[in-house]
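1. prediction below, plus the sequence it came from.
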Amino acid sequence: MQKPENSPQLQALLKTVSGKLGIPSEQLQQELEAGKFDRAIAAMKPQDAAAFRQALANPQRLSQMMSSKQARALYQKLTGQ
C-alpha cells in the first residue's frame, strides 16, 4: 500500500505538536501512523487523555470530534491560519 502525500497543513500541525512534545516531527508521524499514541497521551491532562482513549475506541465518535468547531479552531490556532 502506498503512503499518502502529506499536505502542508499536516506538516505544520506535526511540527507544532512535535515541538510541544520535544520530539522530531518525522518520529511523531511514524509513531502516529503505527498507532502509537503514548507520547501524545502522556502530555495530556488526565481527563483529556481519557477522552482521547474513548474516542480512539469509537471511530464514529472520533470522526464527530475531528469535525467539530473546536477541532477546527484548535487546528487554526496551532497552524497560525
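-> Looks like it came in fine.
2. local confidence estimate at Ser25?
-> With respect to pLDDT, Ser25 has a value of 87.
3. going forward, begin numbering at 2 instead of 1
-> Will do, 2 is the new start, and the previous item becomes Ser26.
4. need the contact list for Arg54.
-> Going by Cβ atoms under 8 Å, 6 or more residues apart in numbering, Arg54 touches Ile42. Where C-beta positions appear, they are placed from N, C-alpha and C, glycine not excepted.
5. separation between it and Leu14?
-> Using Cβ to Cβ, to the nearest Å, Arg54 is found at 21 Å from Leu14.
6. would you mind identifying the next helix or strand past the longest helix along the chain?
-> Taking DSSP state H as the assignment, the helix of the chain that covers the most residues is helix 9-22. For helix 9-22, the following helix or strand on the C-terminal side (DSSP states H and E) is helix 26-34.
7. next, the angle from that next one to helix 9-22.
-> 100 degrees (axes from the mean of the first three to the mean of the last three Cα atoms, to 10 degrees).
8. just the terminal-to-terminal distance for stretch 39-47.
-> 13 Å (Cα to Cα, to the nearest Å).
9. so where's the protein shaky on pLDDT?
-> Applying pLDDT under 70 to the chain flags the ranges 2-7, 80, 82.
10. where does Gly36 sit: helix, strand or coil?
-> Secondary structure for Gly36, judged by DSSP: H, G, I helix; E, B strand; the rest coil, is coil.
11. if I look at the closest residue to Val18 other than its chain neighbours, how far off is Gly81?
-> Residue nearest to Val18 in three dimensions, not counting chain neighbours: Leu29, with 6.4 Å by Cβ to Cβ, 6 or more residues apart in numbering. According to Cβ to Cβ, Leu29 stands 19 Å off from Gly81.
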